[in-house]
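K.L.:
I would like the atomic coordinates for the input below:
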Amino acid sequence: MAAKLSNGQYRGRVRDPRTGKQVAPHTIIGGPRSYRTLAERNEACRKAREVLLDPIGHTTVRDWWQEWTTSDTWGKLRNRSPETLVHYRERTQPFVDTYGDRLLRTIDQQVAYEWIAAAGAGAIPQIQTMFNDAVRAGKIKLGTAPFNQLGIPRPSRRDKPLPPRVAIDRMHEIATRDTPPSFAAYLFTVGWQGIRPGEGDGLMWDDIDFDQGETGTIFIQRQWSAKGLRMKPPKHNSVRRLPLVPIVADRLRELPRESEFVFTTLNRKPSGKRRLHYTPSTREHHWNRVRCAAGLADVELYVATRHFFVTYAVEVLELSVDDIGWYCGHRTGGAKIVRDHYLHPDDDARRERIGGRLKLIA
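P.N.:
From the prediction side, this is the model:
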């Protein structure tokens, strides 16, 4: 815009997109007074020419996001499932809605901190992945990914309090008393077998062998994907045969076989002949009733089952984190994953255990 001065002449003004203030045009687009020397001016012209003639330099955040969430290059070829891409798209959508028209190369750490201040740190891992892949694709320069090295810890379920054993026992008692037998057995199996909830949804009777080995075996080879509405291999393709926990085996022997799936809802398929397996939406009602009645209203199913099992196995059964990492399906770096994401150390128990050992010092 142009501002009319008192002498009748006009002075050009443009808006600085960073500050929102009206400033002299030469401070934004350059001019005779922008550079002190001819060499500085020529260097600025060279850099501007590189940007103007570089087709990648005009890629917007939305252009890259569309390619990143739909192309096989960033999906199937990188072993990312369709559900992962849906998750990435959902988590990064608000960022794209805000900054989608900005050029990808103009997103810097200042923008990152502005976004975190406004929206929080919840979706940082997915946005970080989007920009790191942009570096791999050559869309932005190496070392310029704006969401790296922000110094913000990644949120984890491990930071949430773990229910004590007495609360877990009460949870199973309430499930047995107040929910259908199939859900009570589902909760008991997922909790004391330590498998993922989705793996429990996909468990079939053919996967269970009560006679193999000392205690029987359970074969984990599929899980229900709520985002993809399909059965798929377990996370990280961690197909594995595990020893069946004796108390779980006893509970499953008592469960009626109403379908090829072990745990079934009260609903039937349209044909009316077979019951449907559990999904997150069909078991959520039962879980909400149980956790509220047990005083665990703020506890996630994953924490009350898998996290409790891992911590109990390490702290009470004294299994190694390497063995539990393998058991949970983490073939690479399993011990580190257990420590960083699953294990909720019991400080009192550890203090007592260490104190008992220290008494041996003569």
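K.L.:
give the contact list for I220.
P.N.:
Under the criterion of Cβ atoms under 8 Å, 6 or more residues apart in numbering, the neighbours of I220 are I195, E199, L203, D207, P234, S238, V239, R240, R241, L242, G329. In this view, the C-beta of every residue, glycine as well, is placed from N, C-alpha and C.
K.L.:
Show me where the chain dips below the pLDDT cut-off.
P.N.:
Within the chain, the segments meeting pLDDT under 70 span 1-3, 17, 26-33, 51-53, 55, 268-275.
K.L.:
biggest helix in it by residues?
P.N.:
As assigned by DSSP state H, the longest helix anywhere in the chain is helix 82-99.
K.L.:
name the helices or strands packed onto that one?
P.N.:
Identification of packing neighbours for helix 82-99 by 3 or more Cβ pairs under 8 Å, 6 or more residues apart in numbering; DSSP states H and E yields helix 61-70, helix 109-119, helix 124-136.
K.L.:
So which bits of it are buried?
P.N.:
Residues T84, L85, Y88, R89, R91, T92, F95, V96, Y99 are the ones in helix 82-99 that count as buried (16 or more other Cβ atoms under 10 Å).
K.L.:
Let me know the closest of those to E315.
P.N.:
T84 (32.1 Å; Cβ to Cβ).
K.L.:
Tell me who's in contact with the residue lying closest to the closest one once chain neighbours are set aside.
P.N.:
Leaving aside its chain neighbours, T84 sits nearest to G75 (7.8 Å; criterion: Cβ to Cβ, 6 or more residues apart in numbering). Counting by Cβ under 8 Å, 6+ apart, G75 makes contact with P82, T84, L85.
K.L.:
any idea which of the residues you listed is closest to S281?
P.N.:
For those, the nearest to S281 is P82 (18.9 Å; Cβ to Cβ).
K.L.:
State the number of residues packed around the residue lying closest to that closest one once chain neighbours are set aside.
P.N.:
Spatial nearest neighbour of P82, excluding adjacent residues (Cβ to Cβ, 6+ apart): G228 at 5.4 Å. When neighbours are counted by other Cβ atoms under 10 Å, G228 registers 14.
K.L.:
where does G228 land in three-state SS?
P.N.:
Secondary structure, DSSP: H, G, I helix; E, B strand; the rest coil: G228 is coil.
K.L.:
That one contacts L85, correct?
P.N.:
No: look at G228 against L85 with Cβ atoms under 8 Å: they stay out of range, at 9.9 Å.
K.L.:
G325: which of the contacts of G75 is nearest?
P.N.:
Ranked by distance to G325 (Cβ to Cβ), the contacts of G75 are led by T84 at 21.5 Å.
K.L.:
ok so, going back, adding mean neighbour count, write the helices and strands packed on helix 82-99 out as TSV.
P.N.:
Listed next are those as TSV, based on neighbours: other Cβ atoms under 10 Å:
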stretch	mean neighbour count
helix 61-70	18
helix 109-119	15
helix 124-136	19
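K.L.:
who wins for proximity to A44 among those?
P.N.:
A44 sits nearest to helix 109-119 of all the helices and strands packed on helix 82-99, at 21.5 Å, using Cβ to Cβ.
K.L.:
Among the contacts of I220, which one is most surrounded by other residues?
P.N.:
Result: L203 is most packed of the contacts of I220 (other Cβ under 10 Å), 28 neighbours.
K.L.:
How about it, nearest residue that isn't a chain neighbour?
P.N.:
In this structure, L203 finds its nearest non-sequential neighbour in V262, 4.6 Å apart by Cβ to Cβ, 6+ apart.
K.L.:
Quick check: the one you found touching L252?
P.N.:
Yes: counting by Cβ under 8 Å, V262 touches L252, with 6.9 Å between them.
K.L.:
Identify the contacts common to the two.
P.N.:
Counting by Cβ under 8 Å, 6+ apart, the shared contacts of V262 and L252 are A185, T189, I208.
K.L.:
For the nearest residue to G138 once chain neighbours are set aside, grab the count of nearby residues.
P.N.:
In space, and not counting its chain neighbours, G138 is closest to I56: 6.6 Å by Cβ to Cβ, 6+ apart. Per other Cβ under 10 Å, the neighbour tally for I56 reads 14.
K.L.:
now the one 4 residues further on
P.N.:
Other residues within reach of T60 by the criterion other Cβ under 10 Å amount to 17.
K.L.:
Same question for H277.
P.N.:
Neighbourhood size, H277 [other Cβ under 10 Å]: 23.
K.L.:
Please name the spatially closest residue to it (chain neighbours excluded).
P.N.:
F261 (3.9 Å).
K.L.:
residue contacts, the one you found?
P.N.:
G202, L203, M204, W205, R275, L276, H277.
K.L.:
Give the bridge partners for it, please.
P.N.:
F261 has the following beta-bridge partners by DSSP bridges: M204.
K.L.:
contacts for stretch 90-102?
P.N.:
Residues from elsewhere that reach stretch 90-102, judged by Cβ under 8 Å, 6+ apart: 60-62, 65, 69, 107, 111, 115, 119, 122-123, 126-127, 130.
K.L.:
ok, so of these, who is nearest G334?
P.N.:
G334 lies nearest to Q126 out of the contacts of stretch 90-102, by Cβ to Cβ, at 23.7 Å.
K.L.:
What distance do you get for the residue nearest to that closest one when sequence neighbours are not counted to D63?
P.N.:
Sequence neighbours aside, R91 is the residue nearest to Q126 in space, at 4.0 Å (criterion: Cβ to Cβ, 6+ apart). Distance, R91 to D63, by Cβ to Cβ, to the nearest Å: 19 Å.
K.L.:
Alright, I will stop here.
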